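Enquirer: Predicted model and sequence below, questions to follow.
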Amino acid sequence: MTRTARAFYWMVIPALVLFAVFHTLPVLQGFYYSLTDSPGYGAHAFVGLRNYLNLLRDDRVLDAYVFTFQFAIVATVLTNAIALAIALGLNARIRLRTTLRGVFFIPNVLAILIVGYIFNYLFANALPAVAQALGITALSSNILVNPDLAWLGIVVVAVWQAVAFNVIIYLAGLQTIPGDVREAATVDGAGAWRQFRSIVFPLIAPFFTINMVLSLKNFLQVFDHIVALTNGGPGTATTSVSLLIYQGGLEGGEYAYQTANAVVYFLVIVAVSVFQLRVLQRREMSA
Amino acid sequence: MVRRKGVNWWLTALLAACSLTVLVPLYFTVVTALKQPAELAGAGFDLPDDPQWGNFAEAWRLTNYPQAALNSALITVGAVLLTLLTNSLVAYAIARNLHSRVFRGLYFYFVSALFVPFPIIMLPVIKQTSALGLDNQLGLIFLYVVYGLAFNIFLYVGYIKSIPRSLEEAARTDGAGTWTVFWRVIFPLLAPMNATVGILTFLWAWNDFLLPLVVLSSPSARTLPLVQYVFQNQFSSDYTTAFASYLMALAPALLVYLFAQRWVISGVLRGAVK
Amino acid sequence: MKPTALALSVVLLAGGCGAQAGDGRVELEFFQFKPEAIETFDRIIEEFERGHPHIDVTQNHMPTAENAIRTRLVKNDIPDVIALNGNGVFGELASAGVFHDFSGAPAARGVSPPIQRILDDLGVHREGEVNGLPFASNTSGVIYNKDLFRQHGVEPPRTWTELRAAAETFRSAGVDPFYLTPADAWTTLPAFNALAANLPPPDFFDRREAGRVTFAQAYPPVVSKLGELFRYGQRDRLSRGYDDGNQAFAQGKAAMYLQGSFALPAIKQFEPDFELGTFALPATDDPEATRLVSGVDVALTMGREPEHPEESMAFISYLMRPEVMEAYAEEQLAVPPTEGGTSTDPALAGVMPYFERGLLTGYADHRIPLTIQLEQHLQQYVIDGDQDAFLRTLDAEWDKVAARRS
């Protein structure tokens, strides 16, 4: 081995060892625990696939997956639609571009948990008061305590926070489009929407792909928002998979069982991400 | 002629109106933090009659703010510095050897960790950090640096690939070894990407909640978000103190952002293009 | 870099927990779950430290204490002295063998045997062990506003019919009969427990465990009466939580409050300008059949193999002194778990006869595994009022958990 090659190996080996010890090893331990009945401490016994079989029969787990997907899909679509619209606006001929861009990015520097507490108060007190004054009965009580509407409150906070980052990604995408390409389209007299669909969107499609994949992946792991807003309630209406694993695994003392749930969740996230990449990349190609 | 410089005032107004969705909750936080409890009735968007600066003193004392802010600052600064120094090095070695099967395998090994949800490793990590005496600020720094590898290697490798090798070869012919080449030639060239990684690591470590919640043992090690969580039921219905505390917890990141706004946004923009 | 590293090591040293300080002082971590009692414990600790200059006790209060204590167990980092609510989790942890065995310890002597039995019944590691000491007992039922009762000529009800009549009287007078706080799901439990303790047959849980009866068969009266009580709440009840409730009740915003005695100090903190009273929630029309729900509010324990056995035991022994327990009980409006212990507080006078006559019963929710999330389902029920769905869920969850644990 040359000296250069040896140096390259020494650059990665410590990181590799640490990563293996602090990430890969815990993953393997997690897999192992999912085959036991451990509450996380004390003695435990090997139970084979029993936890996985019980998962299939547990409608609370199923409910959590349904909620999580419903939330994540709606939040992903909204975040990307709004972020793309704002990015297009910021990229147009407007005044105060830098200031507005700066304002739209603010939510991204704030801790979700604290933002959640603030919105919790807004939903419980300010919004109902405003709605009552305006005579909007649907919003005149706290939406977070309504089992049918609480998830929308979480969507609002999640989108509010996530749009900030996605706007920047889309802006980056829009800046890669050469000015004369857009100019040509305008001169052609193509309508704004047609111009967007036929010229702009195909050029920023890779950014759309990455945003969709990352947003969905992040939203599928939603946790902080829910802790601050509803703690999974009312009832169990807004219990996400992450929250269920945390609550059931620690509070409920069913650590091994919920770790089996986490393994399934891992496989689901990988499957969804791969599927999304495939579909979106095919669209990029054909577009 | 096409009107090239025409300003679209309608769009400007529309976007300004949209930006209120960001500003109004922040405004609300500020005025609520300055009110007396009796002023909270109604929607609460009005200005306080007589600003209660004492709310901040109360929140400061109750949550032991200096301690929590110092913890958050140390963890964040430590995580950012160590991440920049180590993750870029690992990425360099990988980026320059992607032709080798071993290094390409390593690349996918690190990056694939992006898809592992935290709950799987949560309890094993709790056990591990505690057994090693890392259930403190140092342990958190360490975990951010190690877990950050997944995304940062992805960012750095993309960037390093675009740096021409000729620069390194020139240094090599002058007799510099691989390490020297990295620190003298590559690391300075990475400055833009270092900014990106630094900003993203800063936001992550500063705002994180779940990892400090499960890893930290001692109350004196608590970070700002964790303190808000712990004191949530000690604030009781004293919402004005609670909001003062939220505002103080949000303020440092907000201030840093206000002063470094262009730099932060261009940093994130660069991360996106790569 | 250097100043950062230095500052960091300073903080880390300062933050090192439970360590033996250099001058022979021992630091003890006192982990406790009760937000209402933080200041009371601070004072007790201060006095203890005055008598034990070589021991430093640091109080650590965490929200969702059950979660936090389990995290600590996973870390194998058990706090030196632990105060937990005597509930199902306590029993589960005790059975798992993580707590010390206090049998024969002098500190255990002052406790009244029936109260000790309530705690032991939750679960012990091995037959005959004592894995925790009752430090304070509570009662659960109805707290009422004596002024409002007097103004509207209402006597504390002794039967279900009288309770309903009282609620009607208040409602027609424009006073909210109950202040309800289901935004914090657990606050639905006191009323549930009182009804569940008095309506179904006493051996219900044994028979449920044996699979010979279901909630759907035995619990409809509990659930329908609970629903009825919750219809007498204030208009914005669904958005209000425990803290809001304590404050609002102290402001005289409702006549009754369905809570345990542990809420009394929290209400008093808001300085109500009226007198507080309590009565046992009457679930039937036979006043003699009513049993008062009472349990161990605070149980003290320490790890099975404590790091500082002598110092931890010294602190526990101090806490378990009758005069300390009585002082705590007086301040926190609890009942000391000593032999013949009663409370002289006028707020608790209404329920003391039940103590004197031994007409007590335990918390039904302690018999329901936590992972079932009873309180979450109760919250759902008081929102949507769907009795059948609630009972079906409870039975289904029970069977699933039983199957997972068999």
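Expert: Alright, I've got the coordinates.
Enquirer: ok, the nearest residue to residue B:68 once chain neighbours are set aside - contacts?
Expert: Spatial nearest neighbour of residue B:68, chain neighbours left out: residue B:227 (4.4 Å); criterion: Cβ to Cβ, 6 or more residues apart in numbering or on different chains. (Glycine included, C-beta is placed from N, CA and C.) Counting by Cβ atoms under 8 Å, 6 or more residues apart in numbering or on different chains, residue B:227 touches B:63-65, B:68, B:245, B:249.
Enquirer: any idea which residue sits dead centre in chain C?
Expert: Geometric centre of chain C, nearest residue: residue C:297, 4.6 Å, by Cα atoms, centre = their mean.
Enquirer: three-state assignment of it?
Expert: Counting by DSSP: H, G, I helix; E, B strand; the rest coil, the backbone at residue C:297 sits in strand.
Enquirer: Looks like it contacts residue C:334 (just checking).
Expert: Yes - between residue C:297 and residue C:334 there is a contact at 5.6 Å, judged by Cβ atoms under 8 Å.
Enquirer: hmm, back to that, show me the two of the contacts of residue B:227 that sit farthest apart.
Expert: Among those, the pair separated by the greatest distance (Cβ to Cβ) is B:64 and B:249, at 12.4 Å.
Enquirer: Comparing those two, which residue is more hemmed in?
Expert: Neighbour count, other Cβ atoms under 10 Å in any protein chain shown: between residue B:64 and residue B:249, residue B:249 has more, with 29 against 15.
Enquirer: show me the contacts for that one.
Expert: Residue B:249 touches A:111, A:114, B:68, B:224-225, B:227-228, counting by Cβ under 8 Å, 6+ apart.
Enquirer: Chain C versus the spatially closest residue to residue B:134 that is not a sequence neighbour, what's the distance?
Expert: Here the nearest residue to residue B:134 in space, its sequence neighbours aside, is residue B:142; by Cβ to Cβ, 6+ apart that works out to 6.2 Å. From residue B:142 over to chain C the distance is 12 Å, taken as Cβ to the nearest Cβ, to the nearest Å.
Enquirer: Where does the prediction get shaky in chain C?
Expert: Across chain C, the ranges flagged by pLDDT under 70 are C:1-23, C:406.
Enquirer: still on that earlier bit, so which of the contacts of residue B:249 belong to helices?
Expert: A:114, B:68, B:224-225, B:227-228 (DSSP state H).
Enquirer: For the residues you listed, which entry has the maximal number of neighbours?
Expert: residue B:224 (30 neighbours).
Enquirer: surely residue B:28 meets residue A:127?
Expert: No - Residue B:28 is not in contact with residue A:127 according to Cβ under 8 Å; the separation is 10.7 Å.
Enquirer: which residues do those two both contact?
Expert: By Cβ under 8 Å, 6+ apart, no residue touches both residue B:28 and residue A:127.
Enquirer: picking that back up, need the contact list for the residue nearest to the centre of chain C.
Expert: Residue C:297 neighbours (Cβ under 8 Å, 6+ apart): C:34, C:85-86, C:135-138, C:260-262, C:334.
Enquirer: Skipping adjacent residues, who's closest to it in space?
Expert: residue C:138 (3.7 Å).
Enquirer: Now for residue C:297 and residue C:334: what residues contact both?
Expert: In contact with both residue C:297 and residue C:334: C:136-138, C:261-262, using Cβ under 8 Å, 6+ apart.
Enquirer: The helix or strand hosting residue A:276 packs against which elements?
Expert: Here residue A:276, judged by DSSP states H and E, is contained in helix A:255-286. Using 3 or more Cβ pairs under 8 Å, 6 or more residues apart in numbering or on different chains; DSSP states H and E, the elements in contact with helix A:255-286 are helix A:25-33, helix A:50-57, helix A:201-220, helix A:241-246, helix B:118-131.
Enquirer: Now render those as a markdown table, adding distance to residue C:79.
Expert: What follows is these, written out as a markdown table (distance: least, Cβ to Cβ, whole Å):
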| stretch | distance to residue C:79 |
| --- | --- |
| helix A:25-33 | 24 |
| helix A:50-57 | 30 |
| helix A:201-220 | 35 |
| helix A:241-246 | 21 |
| helix B:118-131 | 13 |
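Enquirer: highest average neighbour count across these?
Expert: helix A:241-246 (a mean of 26; mean count of other Cβ atoms under 10 Å in any protein chain shown).
Enquirer: And that one, how far out from the chain middle?
Expert: Relative to its chain's centre, helix A:241-246 lies at 15 Å (Cα atoms, centre = their mean, to the nearest Å).
Enquirer: now stretch A:264-277
Expert: The mean C-alpha position of stretch A:264-277 is separated from the chain mean by 13 Å, Cα atoms, centre = their mean.
Enquirer: Mind listing what's buried along it?
Expert: Residues of stretch A:264-277 classed as buried by neighbour count (16 or more other Cβ atoms under 10 Å in any protein chain shown): A:264-266, A:268-269, A:272-273, A:276.
Enquirer: can you check stretch C:283-302 too?
Expert: Residues C:283-284, C:290-302 are the ones in stretch C:283-302 that count as buried (16+ other Cβ under 10 Å).
Enquirer: ends of it, how far apart?
Expert: 38 Å (Cα to Cα, to the nearest Å).
Enquirer: likewise stretch C:253-263?
Expert: Stretch C:253-263: ends 16 Å apart by Cα to Cα.
Enquirer: can you pull the alpha-carbon coordinates of stretch B:17-35 into PDB?
Expert: Provided in PDB are the C-alpha atoms of stretch B:17-35 (Å, rounded to 0.1, in the frame of the first residue of the first chain):
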ATOM      1  CA  ALA B  17     -48.900  39.600   3.100                       C
ATOM      2  CA  CYS B  18     -47.700  35.900   3.100                       C
ATOM      3  CA  SER B  19     -44.700  36.800   5.200                       C
ATOM      4  CA  LEU B  20     -47.200  37.900   7.900                       C
ATOM      5  CA  THR B  21     -47.900  34.200   8.600                       C
ATOM      6  CA  VAL B  22     -44.300  34.100   9.900                       C
ATOM      7  CA  LEU B  23     -44.200  37.400  11.600                       C
ATOM      8  CA  VAL B  24     -47.600  37.400  13.400                       C
ATOM      9  CA  PRO B  25     -46.800  34.400  15.700                       C
ATOM     10  CA  LEU B  26     -43.500  36.000  16.500                       C
ATOM     11  CA  TYR B  27     -45.200  39.300  17.300                       C
ATOM     12  CA  PHE B  28     -47.700  37.400  19.400                       C
ATOM     13  CA  THR B  29     -44.900  35.700  21.400                       C
ATOM     14  CA  VAL B  30     -43.200  39.100  22.100                       C
ATOM     15  CA  VAL B  31     -46.400  40.900  23.300                       C
ATOM     16  CA  THR B  32     -47.600  37.900  25.400                       C
ATOM     17  CA  ALA B  33     -44.200  37.700  27.100                       C
ATOM     18  CA  LEU B  34     -44.600  41.400  28.100                       C
ATOM     19  CA  LYS B  35     -48.100  41.300  29.400                       C
END
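Enquirer: tally of neighbours for residue A:81?
Expert: Neighbours of residue A:81 (other Cβ under 10 Å): 13.
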